[in-house]
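Asks: quick check, what structure comes out for this input:
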Amino acid sequence: MKVAVVMPCFKTRDALPGVAALIGGCVDEVFLVDDCCPEKTVESFMSSTKDARFKPVYLEENQGVGGATIAGYRAALQNGADIVVKVDSDGQMDPRMVPQLIKPIEAGHADYTKGNRFFSVEDAASMPTMRFIGNFFLSFISKISSGYWNVFDPTNGFTAIHKNALSLLPLDKIERRYFFESDMLFRLNTIEAVVQDAPMKAKYGDEVSGLDSRKELVRFSGKHLSRFFKRLVYRYFLRGMSAGSIFLAFSFLIFLATAIYTGLNLAESMTTGVPSPPGVVMLAGAGLLISVQLAIAFVVVDVGFNPSMPLQARTVLFLENGE
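Replies: Numbers count the residues shown, from 1 in each chain. Purely as a prediction, here's the structure:
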């Protein structure tokens, strides 16, 4: 498979040469995306490198890490890449781990792989405390919004994707800035792509991360909530029906009916001054209990659902059946 690396570059003029030097021979092309960098990071590097694999992509205006990555994705697809790896140019990722990252995709076991800095207890312990706490909670929220309960470390930008999955994603709709990685997981779930974690080590030097995990919990909570409800509609009602669809629908309807019934009786009680009969209270409690039990049943179904057949394998089966 032809492997391409996409490297968003913004104010990493000093770090880029060291990162580029670690890119191994398994990589066929490297697209350096200059995100309208005031330091002219890519231009400076291209003037000194003799490696023909490196190709510059210049953006006329700053689009953030997501926008720069998407520009690199498009360039890689146009050049016939089969697997596209995203590596940050600030030195926090080790490009020597690319073979390990792409191995599940090459073997046909996954469509998208991503680094997981929490896989090893020792590696997780080396993470700054506040960053560890922020990423822990972000991972849980992302599991809910994306539906990938089996993956962790959602903000990790060390990723690889197969061309079949990449070509199906609505690249124009994906978030351009720091919500990019989380939105990618949501979009991948809508096409039922197989996502797999890859253990990795992260380096934390003197660089300052542009992403504050604690602030993101507040800033992007609405975005996560929006993706969650969209996923429920797409997964359980528009693109298919399952036991989860029944549990979710009845849980909502029973809760709504209970809330209306309770509200009407409460209003009547406040108007007349007569307390609601015990039967009314018991009926309201029973409705709430049934609604909660159905919601729990839905969560069990949702957690248990993980795409198992990669898109590349499904494409092969489709072509074989077509022949």
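Asks: C-alpha from now on. contacts and neighbour counts both.
Replies: OK.
Asks: scan this protein for its longest helix.
Replies: Determined from DSSP state H, the single longest helix within the chain is helix 243-272.
Asks: avg pLDDT for that helix?
Replies: Averaged over helix 243-272, pLDDT sits at 94.
Asks: show me what counts as buried in the next helix or strand after it.
Replies: Using DSSP states H and E, the next helix or strand after helix 243-272 towards the C-terminus is helix 278-304. Residues of helix 278-304 classed as buried by neighbour count (16 or more other Cα atoms under 10 Å): 284, 287-288, 291-292, 294-295, 297-299, 302.
Asks: and which of these is nearest residue 113?
Replies: residue 302 (20.9 Å; Cα to Cα).
Asks: residue ranges of the strands in the stretch 1-150 of the chain, please?
Replies: All strands of the stretch 1-150 of the chain, identified by DSSP state E, counting those that start in this stretch, fall at 3-9, 29-34, 54-58, 83-86, 112-116.
Asks: and the second one, which strands flank it?
Replies: Same thing as strand 29-34. strand 3-9 (parallel), strand 54-58 (parallel) (DSSP bridges).
Asks: any chance of these in CSV, with distance to residue 269, mean neighbour count and mean pLDDT too?
Replies: As requested, those are exported to CSV (distance: least, Cα to Cα, whole Å; neighbours: other Cα atoms under 10 Å; pLDDT from 0 to 100):
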stretch, distance to residue 269, mean neighbour count, mean pLDDT
strand 3-9, 63, 28, 97
strand 54-58, 68, 18, 97
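Asks: what's the closest of those strands to residue 137?
Replies: Per Cα to Cα, nearest to residue 137 of those: strand 3-9, 26.2 Å.
Asks: centre of the chain versus the closest one, how much separation?
Replies: 18 Å (Cα atoms, centre = their mean, to the nearest Å).
Asks: name the residues that touch that strand?
Replies: 16, 26-35, 37, 41-42, 65, 68-69, 72-73, 76, 81-89 (Cα atoms under 8 Å, 6 or more residues apart in numbering).
Asks: mind redoing it with 7 Å?
Replies: 27-35, 41, 65, 68-69, 72-73, 76, 81-89 (Cα atoms under 7 Å, 6 or more residues apart in numbering).
Asks: among these, which ones are buried?
Replies: 27-35, 41, 65, 68-69, 72-73, 76, 81-89.
Asks: list the buried ones in the longest helix of the chain?
Replies: Within helix 243-272, judged by 16+ other Cα under 10 Å, the buried ones are 244-252, 254-255, 258, 262, 265-266.
Asks: that older thread, the strands paired with strand 29-34: which one's closest to residue 164?
Replies: Closest approach to residue 164 among these is made by strand 3-9 (13.6 Å; Cα to Cα).
Asks: one step back: list just the nearest of the buried residues of helix 278-304 to residue 102.
Replies: The nearest member of these to residue 102, counting by Cα to Cα, is residue 302 at 27.4 Å.
Asks: how about the contacts made by that closest one?
Replies: Contacts of residue 302 (Cα under 7 Å, 6+ apart): residue 244.
Asks: in space, what's closest to the residue nearest to the spatial centre of the chain - neighbours in sequence excluded?
Replies: In the chain, the C-alpha nearest the mean C-alpha coordinate belongs to residue 185, at 2.7 Å (Cα atoms, centre = their mean). Nearest residue to residue 185, sequence neighbours excluded (Cα to Cα, 6 or more residues apart in numbering): residue 146, at 5.7 Å.
Asks: before we move on, the earlier item: just put the strands of the stretch 1-150 of the chain in CSV and tack on distance to residue 236.
Replies: Formatted as CSV, the strands of the stretch 1-150 of the chain follow (distance: least, Cα to Cα, whole Å):
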stretch, distance to residue 236
strand 3-9, 34
strand 29-34, 38
strand 54-58, 40
strand 83-86, 30
strand 112-116, 23
